[in-house]
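**Student:** Whatever this is, show me its structure:
(one chain, ligands or ions: 1)
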Amino acid sequence: MAIQQGIIKFVTTTDYFHLFIFFTIIYVLNFYYKYFTRPNPLPGPLPLPIIGNYHNLGSDVRQFYIQCQPKYGGISEAMLGHRYIVLSHPNYIDKVLDRKVFHAKLPYSQGLDEMGMYGHGIVFNDDYESWRSNSKFFTDAFLPQRYMDNVVKSTIKLYEELSGYWQSLGNQNTSNYGNDNWTYETDLAKWFHRYTNDIISIVITGERTYSIASYYNTQSRIKSEYSDALVEDGDKFVKSIIQYIECITFFSFFGPFIRHYIPMVKDKNESYLKNLDSEMRVDMLTSLITANTNAKDSNDEALKLIADEEIRGNILDAFLGGTDTTANLFCFITYFICKNPDVKQKMLSEIDLILPKTSDISNNDLQKLKYCEAIIKEAYRMVPVAPFAFRTITEDCEIAGYKWTRGTNFLINYLAIHGHPEFWPDPEVFNPDRFYNKDQDDKSLGDKFAFMMFGGGRRICPGRKLAMTELLLSMVLVFKNYNIELVDMNEPLKILTLATTNCQELKVKISPRA
Ligand code: HEM
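**Tutor:** Numbers count the residues shown, from 1 in each chain. Predicted structure coming up:
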């Protein structure tokens, strides 16, 4: 003890500084030694110690990934907490999306564990047995045909409510008072996030979040017919879901060292944790779970076997997977329709032909709207709401001519794949005809992996049928009844790409269609 204290006495501040420099040099040399001797070196930006390639993502993550293909080719790499092999060519993704193999989504993430998301539900659950039992919850709820008829009925009811709010707000605008030809200027993204949230809630729990009504109350002098107690939390809940997604990106990609010690990141980390403890944990999710658990108590054996923690994980996954994606895509569809009057005309003609009246719409009718479907796909190709997917392979594989050992991390770069000029002539042009009356095997559609709206393999989106039904039905109801125009035709889309691509605002003018 005395010897140790003696040594500490003799060590000066300069010595500590030299020691710090010494260990930093060792760390940097070791970092670059490992980097330059890595297996299968690929092109990609040079990583920096500690921060890897995060600085290359800059403020525009979307541009970074779009540029990966022209700059580095179909297979490249980036250091984002871990080494990721970036696949930007359709021919390289079949093995990572192989239906026969259950690949993990991400390497273990302490951040997601801190958030309480790792290993629960299905999105961040890489334990096969637990994922399989939880994914049954989704396949049972969202895939059978009979549920789709229920989705159609619920969506029509919610649309009618939404439409009533628009009319009320249009009429409250003094210049339109009492006039049927009202015009209402609003942010469509706000309405659609609330609308899809209410739909998901009613489909999975049978209960409503009343988030459309809640948003209406924030915009209107007249209040909705629902009691304050019912609508109070709806808008807050949608905001918290949007923030949750931001939070997931942050916690899954920044390692504990960066989150806890790098000044700017540390502040963000603390503010997210504070929000997770307060506003994000609104009682809404808990009451939906309670209602859902009680409803299933009596006779659903499969659900009885799922622990409450897993039910919470599944319901949260459904909200996270189904609120933002569908709402954002509807905004992108609206944007492209407004920018392309010929497409709008062709769409309206199809809707008027197949569904002359909007009463008694069935899911079968919706499936006949092939041009509307082509618009959805083309809008998604232009702006993929899920811009990339991740896989950590659970067995050795050969991909793009290289041998990879299990545990290697891959990033499927849909942003580059959906705009790959080899597969998509004039990729920057919005042209729904690319998808119109073409079946999946049509050669002109390029490789089957060149367009992946709902991902693929075992972890394909379980909400795909629900999403397509919601989108087709919303297109019919909104565009058949309303003229929607962009407030500023020259303004580019306001988007932010994190884990998903979010429509931050879409200012439109809404007026009844004569
Ligand atoms: C237009 C709407 C939608 C799009 C574009 C979309 C897209 C996707 C994609 C690409 C994946 C695969 C991600 C991967 O490979 O890792 C996925 C997974 C998932 N989606 Fe969707 N989705 C949509 C709507 C929905 C809806 C409505 C739900 C509601 C239940 C949902 C729930 C999920 C879940 C839970 C997963 C995780 C599956 C797993 O990891 O096993 N999605 N989605």
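
**Student:** Read off the pLDDT value for the residue of the stretch 151-300 of the chain found nearest the ligand.
**Tutor:** Residue nearest to the ligand within the stretch 151-300 of the chain (Cβ to the nearest ligand atom): Ile200, separated by 6.1 Å. For the C-beta atoms, the positions are set from N, CA and C on the backbone; glycine is no exception. Predicted confidence (pLDDT) for Ile200: 90.

**Student:** And Asp308, by the same measure?
**Tutor:** Looking at Asp308, its pLDDT stands at 69.

**Student:** can you check Ala302 too?
**Tutor:** pLDDT, Ala302: 47.

**Student:** near the ligand at all, the lengthiest helix in the chain?
**Tutor:** Scanning the chain for the longest helix, with DSSP state H as the assignment, gives helix 145-172. No. Helix 145-172 is not in contact with the ligand by Cβ under 6 Å from any ligand atom; minimum separation 9.8 Å.

**Student:** Equivalent analysis for stretch 381-399, please.
**Tutor:** Yes. Using Cβ under 6 Å from any ligand atom, stretch 381-399 reaches the ligand at 385-386, 389.

**Student:** Among those, which one lies nearest to Ala189?
**Tutor:** Closest approach between these and Ala189, by Cβ to Cβ: Val385, at 12.4 Å.

**Student:** That closest one: what secondary structure?
**Tutor:** With DSSP: H, G, I helix; E, B strand; the rest coil as the basis, Val385 sits in coil.

**Student:** got it, and Met468?
**Tutor:** With three-state DSSP as the criterion, Met468 reads helix.

**Student:** Run a quick neighbour tally on it.
**Tutor:** As a burial measure, Met468 scores 21 neighbours (other Cβ atoms under 10 Å).

**Student:** what do you get for the one 10 residues further on?
**Tutor:** Val478 has 22 neighbouring residues, counting by other Cβ under 10 Å.

**Student:** Could you tell me how far it is located from Glu225?
**Tutor:** 22 Å (Cβ to Cβ, to the nearest Å).

**Student:** likewise Leu97?
**Tutor:** Counting by Cβ to Cβ, the gap between Leu97 and Glu225 amounts to 47 Å.

**Student:** More neighbours: those two, which one.
**Tutor:** Taking other Cβ under 10 Å, Leu97 and Glu225 do not tie; Leu97 has more neighbours (21 against 10).

**Student:** wait, doesn't that one sit right on Lys448?
**Tutor:** No. The criterion here is Cβ atoms under 8 Å, and Leu97 misses it with Lys448 at 10.6 Å.

**Student:** For Ile495, pull up the helix or strand it's in.
**Tutor:** strand 494-497 (DSSP states H and E).

**Student:** that older thread, residue contacts, the residue of the stretch 151-300 of the chain closest to the ligand?
**Tutor:** Shown in contact with Ile200 (Cβ atoms under 8 Å, 6 or more residues apart in numbering): 318-319, 322-323.

**Student:** which one of those is nearest the ligand?
**Tutor:** Comparing these against the ligand with Cβ to the nearest ligand atom places Gly322 closest, at 3.0 Å.

**Student:** So which bits of the stretch 1-150 of the chain are right by the ligand?
**Tutor:** Within the stretch 1-150 of the chain, the positions near the ligand by Cβ under 6 Å from any ligand atom are 105, 122-123, 135, 138, 142.

**Student:** try the stretch 251-400 of the chain
**Tutor:** Within reach of the ligand by Cβ under 6 Å from any ligand atom, the stretch 251-400 of the chain has these residues: 317-318, 321-322, 325-326, 329, 385-386, 389.

**Student:** ok, so of those, who is nearest Phe20?
**Tutor:** Each of these was scored against Phe20 by Cβ to Cβ, and Ala389 proved nearest at 40.5 Å.
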